[in-house]
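[1] Using only what follows, build the 3D model:
(one chain, ligands or ions: 1)
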Amino acid sequence: MPEKGTCPRCGGKGISLGMPIIKVGKTRGLRVEVFVCKDCDLVFYEKYEE
Ligand SMILES: [Zn+2]
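    Have a look, this model is predicted:
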């Protein structure tokens with residue numbers, strides 16, 4: 001299990017941009033944590049687990 005916020009492309013450390021709720025289907029929402037990789041600038045997100 002990779003560390004939380006690890007870039008899936010280069011394995012670098014992601015910087016958290018926040019935790020919006022994205023829409024899944026018509027009525028459901030999913031809270032995610034959005035990261036930008038400080039090494040390659042890839043933006044990616046992970047499902048947020050409390
Ligand atoms: Zn990266």
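
[2] Kindly report the residues of the protein close to the ion.
    Those residues of the chain that sit near the ion, judged by Cβ under 5 Å from the ion, are 7, 9, 10, 12, 37, 39, 40, 42. (Each C-beta comes from the backbone N, C-alpha and C, glycine too.)

[3] So how do I select the buried members of these in PyMOL?
    Per 16 or more other Cβ atoms under 10 Å, the buried members of these correspond to this PyMOL selection:
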select buried, resi 7+37
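
[4] now the residues of the chain next to the ion in TSV, with distance to residue 49?
    Putting these into TSV (distance: Cβ to Cβ, whole Å) gives the following:
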residue	distance to residue 49
7	19
9	22
10	23
12	21
37	20
39	24
40	25
42	21
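
[5] Inside strands: which ones of the residues of the chain next to the ion?
    residue 37 (DSSP state E).

[6] what residue lies at the spatial centre of the chain?
    The centroid of the chain falls nearest to residue 45 when counting by Cα atoms, centre = their mean (1.9 Å).

[7] The closest residue to residue 24 other than its chain neighbours: neighbour count?
    Leaving aside its sequence neighbours, residue 24 sits nearest to residue 30 (Cβ to Cβ, 6 or more residues apart in numbering; 4.8 Å). When counting by other Cβ atoms under 10 Å, one arrives at 13 neighbours for residue 30.

[8] Show me what residue 30 bridges to in the sheet.
    On the basis of DSSP bridges, residue 30 is bridged to residue 22.

[9] what pLDDT does residue 37 get?
    Among the per-residue scores, residue 37 holds a pLDDT of 98.

[10] whoops, I mixed them up, residue 2
    The score at residue 2 is 65. That number is its pLDDT.

[11] cool, residue 24 as well?
    pLDDT, residue 24: 89.

[12] quick revisit: which member of the residues of the chain next to the ion is positioned nearest residue 22?
    Closest to residue 22 out of these is residue 42 (17.5 Å), distances taken as Cβ to Cβ.

[13] The closest one and residue 13 touch, don't they?
    No. Contact between residue 42 and residue 13 fails when scored by Cβ atoms under 8 Å: they sit 11.6 Å apart.
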